[in-house]
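Asks: Have a look at this fold, sequence not included:
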C-alpha cells in the first residue's frame with residue numbers, strides 16, 4: 001500500500017560509490033500528487049559531455065525552469081511548460097556562445113503535474129519510466145540505450161538544451177492515479193534497465209524501484225548514475241456514494257443482458273400499474289387504456305410514441321394479432337370480431353386456445369428456439385464480459401497528431417467502466433417459457449463452450465510460454481557469445497550477468513532443470529575464463545584454532561621459515577604441523593608482571609613480538625625468554641590496532657582510529673610514538689585493515705586498494721583491476737623482492753595481483769569436488785610465494801592451500 005512507505009526515493013552513484021545528493025535532480029515532495037489543486041515539479045538533467053561547471057549550470061537551469069513555469073500559470077499547461085523550456089534553452093545557448101571552452105549541453109526530462117494531469121517534456125539524453133495499471137511505458141524506448149549505443153547530438157533530430165537557439169522537445173501527457181510510479185534516471189542506468197526484470201517499476205513502491213536500480217548499478221559496475229522514483233498516493237475515499245454507484249452499475253449491467261421487453265418491464269414497473277378492468281364499468285368502447293401503454297386502434301392517437309426507451313413505435317391496426325405479446329390472465333385484452341377496437345376480457349377468460357398454432361410450433365420448435373436463445377444470451381454475456389475486461393484506459397502511446405499540440409503526446413482516457421448496451425442482440429432473443437429440459441440443454445451447451453474455451457486458452461498459453469522460453473535461451477546463448485568477444489573483462493562480465501538473468505526468467509516458464517543446469521555450467525565456465533578464476537581442490541585442513549577474544553583480530557605470519565598463529569595467545573606451528581606450541585598468552589609472567597590481553601603479534605627483527613594495550617614483549621632467542629617494554633602513550637592505552645610489524649628493531653602500529661601509522665623506536669619504546677605519516681592520507685588510513693613493512697610500508701584498505709609508502713610519503717595507490725570488484729578486503733600478504741601481492745576478500749577469493757594491481761589469478765575452492773574445505777570466512781593469511789604455499793585462517797580453522805603458478 002502506498003501509504004506505508006515514502007512517496008519519493010533517489011539514488012546517486014559517484015565514481016562507483018553511493019553518494020548523498022546529485023546536482024542534476026530536482027524533485028518536489030510527492031504529498032498530494034494527483035489531488036485537485038495540486039502542482040508539482042520533477043526534473044532530471046544529464047550533461048552530454050562531462051565539462052567543468054556542469055553542476056553549477058544545472059542549478060541555474062532548475063531555478064530558471066521553475067520560475068519560468070510558475071510565471072506562466074495563466075497559460076495552458078502545455079504552452080506554459082514549452083515556453084519555459086524554450087526560455088531556459090535560449091539562456092543556456094547564449095551562455096555557451098559567449099563562454100570560452102566546451103559548451104555545456106544537457107539532456108532534460110521535466111514532468112510537471114497540475115491536478116491529476118502530468119505533462120512530460122523531454123530533450124535527449126535522459127530517461128523516464130511510468131508504471132500504470134500493470135504496464136510500463138518508457139520514453140524514449142529502452143532499446144535506444146543498447147550497450148554499444150552512443151548519443152549523438154544530431155541523431156534522430158534530438159536536441160539537448162543549449163545546442164541551438166530554438167528547441168523542439170518531445171511532449172507527452174497522461175492522467176495519473178493512485179498507485180502509479182514515475183521514475184527518472186540517467187542514461188547510464190537506462191542502458192542496463194532493459195537487461196534486468198522490470199516488474200518493480202509497475203508497482204507503487206519507490207524504495208523498491210531505487211533499491212533495484214542500486215543493485216543493478218553495482219552489478220554492472222556503473223561509475224556515475226542518478227535517479228529518482230515518485231509514487232502517486234492513493235486518493236481519499238469519497239464515502240458511501242461509491243457503494244451506491246457500484247450497485248447501480250451492476251444493476252444496469254444485468255438489465256442489459258435481459259431480453260429487451262423484459263428489461264423495459266422492469267424499468268416501467270415503478271411508474272406503471274396493471275389493474276383489472278371491469279367492462280361493465282365502462283360507458284362505451286375504449287380506444288386506449290390509461291394504465292397500460294395507451295395502445296389503441298387506428299382511430300386512436302396513432303402517432304403517439306410509447307414509453308419503450310429509444311424504440312420506434314407503430315400503432316396496432318384493428319385485427320392485428322397480439323397473441324404473442326400477452327398471456328391468459330384476468331384483465332386480458334380480447335379482440336372483438338365485429339368492431340375495430342379492443343376491449344378488456346372478463347376475469348378468467350382466455351382466448352389463447354382459439355388462436356391457430358404457429359407453423360412448426362411444437363416441442364421440437366420450442367426447443368430449437370430455446371437453444372437459439374441460450375446461444376444468443378451466452379454470446380451477449382461473453383461480449384459484455386470481454387468489453388468490461390478490456391474497456392479500461394487505452395494504452396499510453398503516441399496517437400496520430402490531431403493538430404492541437406503539434407507534437408507527439410500520450411493520452412489516458414476516462415477510466416469509468418462503460419457497460420455495453422445489447423439492444424440489437426436482445427431484440428432477437430426469443431420470448432418462450434423456460435422448462436427444466438431447456439435449462440439442462442443450455443447448461444450443457446454452456447459447459448461445453450467453457451471447456452472448449454479453457455482448453456484453447458491453455459494451449460495458447462503453453463505455446464506462448466514455449467516461445468518465451470526459446471527466446472530467453474537464445475538470448476542467454478547470444479550474451480555468452482558477446483562475452484567471449486568482449487575485450488574488457490567488465491564488459492564480458494556484464495554480458496554473462498545478463499545471460500544468468502535470462503535463465504532465471506526462463507525457469508518460471510517451465511524450463512527443464514537439466515537444461516537450466518547445463519546453461520548455468522556454460523555461463524560459469526565462461527565467467528571463470530573471463531575473470532581468470534582457478535578453482536583449486538588442493539586445500540588441506542590443518543586443525544582448529546582457539547577463538548580470539550572479542551575485539552582482537554587473529555593473524556598468521558611467517559618468521560624464520562616457521563608459521564606463527566595469533567589468536568587468544570601467540571602460538572608456533574610445529575614442523576610436523578600436528579600441534580600448536582604456546583609461546584605467550586594473557587596471564588603469563590614476564591619480568592615479574594602479568595601479561596594483559598594481547599591485542600597483536602608479528603615478526604620483528606629476527607624474533608616474534610607481541611603486545612597488549614600498554615606493553616611490548618620481545619622474545620630473546622639466546623635465553624629463550626621474553627622481555628617487557630613499556631609503550632609510550634598519550635594517556636590512554638592502545639585498543640584499535642589492525643596491523644603491526646617490526647622492522648629494524650622498531651615497532652610499527654596501524655591505528656585506524658587516529659588515521660596514522662605509529663612508530664616506536666627500538667632505543668626508547670617508552671617514549672611518545674612518532675606519527676610516521678605526518679598527518680598525510682588520514683582519511684584513507686582510517687579504512688586500513690592490514691599492514692606489511694619491509695623497508696617500504698604497504699597498507700591494505702577496506703575497498704581493496706593498497707597504499708605504497710616510502711620514507712613517510714605516499715608514492716602510489718594500487719587499485720586492483722578485478723571483476724567483480726572487491727567490496728570488503730580481509731587479509732593481505734606479500735614478501736620482499738617478490739612480484740606479487742595476495743589479497744583475500746569476503747567472497748572466498750584469494751587474488752594474486754602484480755605490483756601495479758593487475759589481476760594475475762583468482763583462486764577459489766572447487767566446490768564441485770567432494771570434501772574440499774571452503775575458503776569462506778577468511779580471517780588472515782600468509783603466503784610463501786616461492787613455495788606456492790599459503791596458510792589461511794578461517795572461521796573453521798587453519799587451512800593449507802597449494803597455489804598454482806602464474807599462467808601466461
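Replies: Perfect, I can see it now. No experiment lies behind these values; they were computed from the predicted model shown. Numbering: from 1, shown residues only.

Asks: Which helix or strand lies directly C-terminal to the host helix or strand of residue 110?
Replies: Using DSSP states H and E, residue 110 maps to strand 106-114. Per DSSP H and E, the first helix or strand lying C-terminal to strand 106-114 is strand 117-123.

Asks: Pairing partners for that following strand, with directions?
Replies: Strand 117-123 pairs in its sheet with strand 106-114 (antiparallel), strand 170-175 (antiparallel), by DSSP bridges.

Asks: Tell me the strands beside the helix or strand following that strand, with direction?
Replies: On the C-terminal side of strand 117-123, the nearest following helix or strand under DSSP H and E is strand 127-132. Paired neighbours of strand 127-132 in the sheet (DSSP bridges): strand 135-139 (antiparallel), strand 181-185 (antiparallel).

Asks: Residues contacting the helix or strand following the last one, please?
Replies: Of the helices and strands lying after strand 181-185 in sequence (DSSP H and E), the nearest is helix 187-193. Helix 187-193 is contacted from outside by 46, 107, 125-127, 129, 142, 145-147, 149, 151, 185, 213, 216-217, 220, 222-225, 227, 494, using Cβ atoms under 8 Å, 6 or more residues apart in numbering. Where C-beta positions appear, they are placed from N, C-alpha and C, glycine not excepted.

Asks: can you do 6 Å?
Replies: Here helix 187-193 makes contact (Cβ atoms under 6 Å, 6 or more residues apart in numbering) with 125, 127, 142, 145, 213, 216, 220, 222, 225, 227.

Asks: buried set for it?
Replies: Of all the residues in helix 187-193, those buried under the rule 16 or more other Cβ atoms under 10 Å are 187-193.

Asks: what residue ranges in the protein score low on pLDDT?
Replies: Residues of the chain meeting the criterion pLDDT under 70: 1-5, 146-158, 236-372, 383-434, 634-635, 808.

Asks: Show the secondary-structure elements that the longest helix anywhere in it is packed against.
Replies: Longest helix in the chain by number of residues (criterion: DSSP state H): helix 436-485. With contacts defined as 3 or more Cβ pairs under 6 Å, 6 or more residues apart in numbering; DSSP states H and E, helix 436-485 has these neighbours: helix 363-390, helix 489-506, helix 513-530.

Asks: between the last one and helix 489-506, how big is the angle?
Replies: Looking back up the chat, that one is helix 513-530. Orientation of helix 513-530 against helix 489-506 (axes from the mean of the first three to the mean of the last three Cα atoms, to 10 degrees) gives an angle of 170 degrees.

Asks: so how far is helix 513-530 from its chain's centroid?
Replies: Chain-centre distance of helix 513-530: 25 Å, with Cα atoms, centre = their mean, to the nearest Å.

Asks: ok, now which ones touch residue 671?
Replies: Residue 671 touches residue 632, counting by Cβ under 6 Å, 6+ apart.

Asks: no wait, residue 494
Replies: Taking Cβ under 6 Å, 6+ apart, we find residue 494 in contact with residue 220.

Asks: Tell me how far it lies from residue 797.
Replies: 37 Å (Cβ to Cβ, to the nearest Å).

Asks: wait, residue 799 sits on residue 792?
Replies: Yes. Counting by Cβ atoms under 6 Å, residue 792 is a contact partner of residue 799 at 4.6 Å.

Asks: Same drill for the two, tell me which one is more crowded.
Replies: residue 792 (25 against 21; other Cβ atoms under 10 Å).

Asks: how about that one, secondary structure?
Replies: Secondary structure for residue 792, judged by DSSP: H, G, I helix; E, B strand; the rest coil, is strand.

Asks: That one and residue 781 touch, don't they?
Replies: Yes. With contact defined as Cβ under 6 Å, residue 792 reaches residue 781; the gap is 4.6 Å.

Asks: Looking at the strands paired with strand 117-123, spot the one closest to residue 665.
Replies: Closest to residue 665 of the strands paired with strand 117-123, according to Cβ to Cβ: strand 106-114, at 58.1 Å.

Asks: domain ranges for this structure?
Replies: Domains of the chain are assigned by automatic domain parsing as 2-231, 434-530, 539-802.

Asks: Contacts for stretch 601-613, please.
Replies: Here stretch 601-613 makes contact (Cβ under 6 Å, 6+ apart) with 557, 559, 564, 566, 570, 584, 596-600, 617-619, 621, 637-639, 644-646, 649.

Asks: give me the beta-bridge partners of residue 562?
Replies: residue 559.

Asks: Against residue 607, how distant is it?
Replies: The separation that residue 562 has from residue 607, given Cβ to Cβ, amounts to 11 Å.

Asks: Then residue 718?
Replies: As for residue 718, its distance to residue 607 is 30 Å (criterion: Cβ to Cβ).

Asks: next one: residue 183
Replies: Taken as Cβ to Cβ, the span from residue 183 to residue 607 is 62 Å.

Asks: what about those two, which has more around it?
Replies: Using other Cβ under 10 Å as the criterion, residue 183 and residue 607 rank with residue 183 on top: 27 against 14.

Asks: is the more buried one in a bridge, and if so with what?
Replies: Assigned bridge partners for residue 183, using DSSP bridges, are residue 129, residue 229.

Asks: residues contacting it?
Replies: For residue 183, the contacting residues are 129, 201, 209, 229, by Cβ under 6 Å, 6+ apart.

Asks: Let's see if you can find the most crowded of the residues you listed.
Replies: residue 229 leads the contacts of residue 183 on contacts (other Cβ under 10 Å) with 30 neighbours.

Asks: so who does that residue touch?
Replies: 9, 183, 206, 209-210.

Asks: hmm, 7 Å instead?
Replies: Residue 229 makes contacts with 8-9, 181, 183, 206, 209-210, as judged by Cβ atoms under 7 Å, 6 or more residues apart in numbering.

Asks: and if you look at residue 532?
Replies: If you count contacts by Cβ under 7 Å, 6+ apart, residue 532 has them with 759, 761-762.

Asks: now residue 621
Replies: residue 607.

Asks: Could you pull out the helices in the stretch 701-808 of the chain for me?
Replies: Using DSSP state H, counting those that start in this stretch, no helices are assigned anywhere in the stretch 701-808 of the chain.

Asks: can you give me the strands in it?
Replies: Ranges of strands in the stretch 701-808 of the chain, per DSSP state E, counting those that start in this stretch, are 706-710, 713-718, 729-734, 740-745, 750-754, 759-765, 778-784, 789-794, 797-802.

Asks: would you turn the ones you listed into CSV with distance to residue 591?
Replies: Shown next, in CSV, are the strands of the stretch 701-808 of the chain (distance: least, Cβ to Cβ, whole Å):
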stretch, distance to residue 591
strand 706-710, 34
strand 713-718, 38
strand 729-734, 33
strand 740-745, 37
strand 750-754, 40
strand 759-765, 44
strand 778-784, 29
strand 789-794, 30
strand 797-802, 31
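
Asks: List just the one of the ones you listed that sits closest to residue 24.
Replies: The nearest among the strands of the stretch 701-808 of the chain, by Cβ to Cβ, is strand 713-718 at 28.4 Å.

Asks: Please spell out which residues along the closest one are buried.
Replies: 714, 718.

Asks: just stretch 736-751 next, same as before
Replies: 740-745, 747-751.

Asks: repeat for stretch 611-623
Replies: Those would be 611-613, 615-619, for stretch 611-623 by 16+ other Cβ under 10 Å.

Asks: Equivalent analysis for stretch 783-796, please.
Replies: Using 16+ other Cβ under 10 Å as the test for burial, stretch 783-796 gives 783-785, 790-794.
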